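Visitor: coords please:
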Amino acid sequence: MTKNKSAEITRERACLPAFAYSSLNRCNIPAVVLGGVTYQQHPVALLIDGMQALHGEFFKALDEIACSQERGVHFRQYMCSAFLLGKSEEAGLLETNSGIRRDKCDYLRLLRGWMFNADGKEAAVLKRWVESRFGLLTLNHRQPLGSHSSEAYQAYQADYVRGLYNSNALESQLDLLYSFCQYEVQRRWPEQQHCQLYRGVNHIDEHHRLGRSEQGTLLLLNNLNSFSHQRELCESFGDVILEARVPMTKLLFFPGLLADVLKGEQEYLVLGGVYQVTMSI
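Guide: You can find the predicted model right below:
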């Protein structure tokens, strides 16, 4: 095999497989691009449609706040105001309404739910949000997902519906959470494009390994994943440690984003796709 032919195969494997993305999303970069290794190596900003038009004044206000902790407080206050959090009656969830009341289900509960169980109904809402906004499809929820008619996929959809049912604009709350996270990334680390993160996994042979490059293994990850910046923390979560240079633009949440909440959690929530990783035991 010629060197050029080998390079073509490597490039093909570095692309996001067709079964892992949708042609529709709600951001400025097609899923097939942002889910590939080229994007991992050369990231550009991801912008969710309509965020500047809807919340431009909020981000202008943040520009005037020097302290990151104060910006976090302002973000939480703005979320309460924009989505009437804690004011269920004003949001239309009256005591007389029939059905299950879930007015306390907000972005913070989704984050806590994910950190407690990455295969629960809160996690299903997060994964489905990644699908709709970025076009990266969920590959695993409790188990590998098959076709849309499979029992595994139907169970995932049921978790998503249960998690979203009778709640207050949860997906729009996540839009603003991601946008605030990216604002903070640019504000705190304006020159930094990547962060070195680690993830512990079991049953590595069941993961989608697409091939190898000179820099490591090409691995297809689920559309949303937990990482840590401390390798030793990952050793209790899996027998193989993945090390990856994660684009800052793929962070939905990082430790310290909201200093007064989720204090004990050291998880980074990272959008998926094809990653070039190194693996060690």
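Visitor: what's the lengthiest helix in the chain packed up against?
Guide: Looking across the chain with DSSP state H, the single longest helix is helix 170-188. Contacts defined by 3 or more CB pairs under 8 Å, 6 or more residues apart in numbering; DSSP states H and E place helix 170-188 against helix 51-63, helix 68-83, helix 107-116, helix 121-134, helix 151-164, strand 251-253. Yep, even glycine has a C-beta here, placed from its N, CA and C like the rest.
Visitor: Tabulate these in CSV, adding columns for mean neighbour count and distance to residue 276.
Guide: Shown next, in CSV, are the helices and strands packed on helix 170-188 (neighbours: other CB atoms under 10 Å; distance: least, CB to CB, whole Å):
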stretch, mean neighbour count, distance to residue 276
helix 51-63, 13, 29
helix 68-83, 16, 31
helix 107-116, 19, 25
helix 121-134, 23, 19
helix 151-164, 17, 28
strand 251-253, 21, 18
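Visitor: Can you tell me which of these is nearest to residue 279?
Guide: Between residue 279 and the helices and strands packed on helix 170-188, the tightest spacing by CB to CB is seen for strand 251-253, at 21.9 Å.
Visitor: follow-up on the earlier one: may I have the longest helix of the chain as PDB, with CA atoms only?
Guide: As requested, the backbone C-alpha atoms of helix 170-188 are provided in PDB (Å, rounded to 0.1, in the frame of the first residue of the first chain):
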ATOM      1  CA  LEU A 170     -35.000  22.900  30.000                       C
ATOM      2  CA  GLU A 171     -33.300  22.800  26.600                       C
ATOM      3  CA  SER A 172     -33.300  26.600  26.400                       C
ATOM      4  CA  GLN A 173     -31.700  26.700  29.900                       C
ATOM      5  CA  LEU A 174     -29.000  24.400  28.600                       C
ATOM      6  CA  ASP A 175     -28.400  26.700  25.600                       C
ATOM      7  CA  LEU A 176     -27.700  29.500  28.000                       C
ATOM      8  CA  LEU A 177     -25.600  27.300  30.300                       C
ATOM      9  CA  TYR A 178     -23.400  26.300  27.300                       C
ATOM     10  CA  SER A 179     -23.100  29.900  26.100                       C
ATOM     11  CA  PHE A 180     -22.200  31.100  29.600                       C
ATOM     12  CA  CYS A 181     -19.600  28.300  29.900                       C
ATOM     13  CA  GLN A 182     -18.000  29.400  26.600                       C
ATOM     14  CA  TYR A 183     -18.100  33.000  27.700                       C
ATOM     15  CA  GLU A 184     -16.200  32.100  30.900                       C
ATOM     16  CA  VAL A 185     -13.700  30.000  28.900                       C
ATOM     17  CA  GLN A 186     -12.900  33.000  26.700                       C
ATOM     18  CA  ARG A 187     -12.800  35.300  29.700                       C
ATOM     19  CA  ARG A 188     -10.600  33.200  31.900                       C
END
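Visitor: And the next helix or strand past that helix?
Guide: Counting by DSSP states H and E, the next helix or strand C-terminal to helix 170-188 is strand 194-201.
Visitor: contact partners of that following strand?
Guide: 43, 207, 225-231, 233-248, 251, 268, 270 (CB atoms under 8 Å, 6 or more residues apart in numbering).
Visitor: same thing with stretch 114-133?
Guide: The set of residues that contact stretch 114-133 without belonging to it, under CB under 8 Å, 6+ apart, is 22, 25-27, 48, 109-110, 112-113, 136-138, 141-142, 156, 159-160, 162-164, 170-171, 174-175, 178, 222-224, 226, 252, 262, 265, 267, 269, 271-272.
Visitor: ok so, going back, quick one: which of the helices and strands packed on helix 170-188 is nearest residue 38?
Guide: Between residue 38 and these, the tightest spacing by CB to CB is seen for helix 121-134, at 15.9 Å.
Visitor: what angle sits between that closest one and helix 151-164?
Guide: 100 degrees (axes from the mean of the first three to the mean of the last three CA atoms, to 10 degrees).
Visitor: on that earlier part again, can you put the helices and strands packed on helix 170-188 in a markdown table and add distance to residue 32 and mean pLDDT?
Guide: Output for these, formatted as a markdown table (distance: least, CB to CB, whole Å; pLDDT from 0 to 100):
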| stretch | distance to residue 32 | mean pLDDT |
| --- | --- | --- |
| helix 51-63 | 22 | 96 |
| helix 68-83 | 32 | 95 |
| helix 107-116 | 26 | 94 |
| helix 121-134 | 11 | 97 |
| helix 151-164 | 21 | 95 |
| strand 251-253 | 20 | 98 |
